[in-house]
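*Asks:* pasting the structure only:
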């Protein structure tokens, strides 16, 4: 049996490895259109590679996928976060769990993961073919004929696993649509907010945890750490929102108003009470000397100015008007979003091959027998925290059975 795995990313490597493990006599090829493989693994997590998440509850795992969670649920019973960690650690990649439950190599270097995957591919005698772009797939009888590269050579195999990753353009999925698969229009997910005209960017590097962010005029809301960058806002609160609201944000053309609750307190009156408590205890102190809710100092000084107050003003001089002004910027601060930013090749896509075109038990196409899928080429994507890699490992494990 000859098996072609199309795509040299995490899902492609893991699929190829498990095909060979399950079918030792098979000849397995990884076909990669570029001159490098595992590019996303290399740069993910700031070059550290967020291998998976420490969450072991399938219910909680499923909730981390805005799209594809229900599809993944039975698959997680076969290969989940615990199995991922055991797989890598048993192959010489010790892992560590951060406070936020993200799992990284102890080495803090994505190269550890890359070296491990390469070692397995070499051990199993899997051949990697570089600059081998598949332009078209035709099934003739029981064989697949793959049209390869500019030379349009024909590569004949018995089985195919498509692991080409997310495509930011619909045209990148035309060849799968032509085979009869339904395609969910791809749009970006897991992106940060650009705020080119907002002065908040002068606070780059400041982190607020937790903050609550909402998009004006929508039901989108998210809570968690918020990072101020030189272009706008990032951090888990923003990334989670951009994942859950990927299509909403695309419809808005990434132009909207973000409402920020810097203290994550729903009731404004509770915030006002907190401020009145500070006034009662410290009427003679300047605003700059006491930071409510332990806000970062730079942000607190910025918000004082945003409330049209001075940092030398005494707490006892605030009055009702001053309390209301600070409460307003704490609970309902507004910033104009105009655009998005993704990091190099670290984009994640909402959309892809519709799950209605895939057998959820085997990852086999429902319209082309013998063709399978793994990874982000499908309409599956998770929030930040190692969930997208976990979906890749899980679907690749199942696809590799060629069941």
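*Replies:* Looks like it arrived, so ask away. For clarity, every value in this text was computed on a predicted model and none was experimentally measured.
*Asks:* Tell me how far residue 278 lies from residue 287.
*Replies:* Plainly put, residue 278 is 9 Å away from residue 287 if you go by CB to CB, to the nearest Å. Backbone N, C-alpha and C define where each C-beta goes, glycine included.
*Asks:* Can you check which residues contact both of these two?
*Replies:* Common contact partners of residue 278 and residue 287 (CB atoms under 8 Å, 6 or more residues apart in numbering): residue 315.
*Asks:* Looking at these two, which is more packed in?
*Replies:* residue 287 (25 against 19; other CB atoms under 10 Å).
*Asks:* and the more buried one, what pLDDT?
*Replies:* At residue 287, the pLDDT value in this model is 98.
*Asks:* Phi, psi for it please.
*Replies:* Dihedral angles of residue 287 (phi, psi; degrees, to the nearest 10) stand at phi -50, psi -40.
*Asks:* so what's it up against?
*Replies:* Applying CB under 8 Å, 6+ apart, the residues contacting residue 287 are 304, 309-315, 318.
*Asks:* what do you get if the cut-off is 7 Å, keeping everything else the same?
*Replies:* Residues counted as contacts of residue 287 (CB atoms under 7 Å, 6 or more residues apart in numbering) are 304, 309, 311, 313, 315.
*Asks:* Closest one of those residues to residue 391?
*Replies:* Of all the contacts of residue 287, residue 391 sits closest to residue 304, with 44.1 Å by CB to CB.
*Asks:* Can you mark which positions in the helix or strand encompassing that closest one are buried?
*Replies:* Here residue 304 is covered by helix 297-306, with elements defined by DSSP states H and E. Across helix 297-306, burial judged by 16 or more other CB atoms under 10 Å covers 299-304, 306.
*Asks:* Same list (the residues you listed) but as TSV, adding pLDDT and distance to residue 380.
*Replies:* TSV is the format used below for the buried residues of helix 297-306 (pLDDT from 0 to 100; distance: CB to CB, whole Å):
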residue	pLDDT	distance to residue 380
299	98	36
300	98	41
301	98	43
302	98	39
303	98	39
304	98	45
306	98	40
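*Asks:* next SSE after the helix holding residue 304?
*Replies:* Next helix or strand after helix 297-306 toward the C-terminus (DSSP H and E): helix 319-331.
*Asks:* buried ones in that next one?
*Replies:* Across helix 319-331, burial judged by 16+ other CB under 10 Å covers 322-323, 325-327, 329-331.
*Asks:* try stretch 77-89
*Replies:* Buried residues in stretch 77-89 (16+ other CB under 10 Å): 79-81, 83-85, 87-88.
*Asks:* out of these, who's nearest residue 336?
*Replies:* Using CB to CB, residue 81 comes nearest to residue 336 of those, at 38.4 Å.
*Asks:* Report the contact partners of the closest one.
*Replies:* 52-56, 61, 390.
*Asks:* I am finished for the moment; much appreciated.
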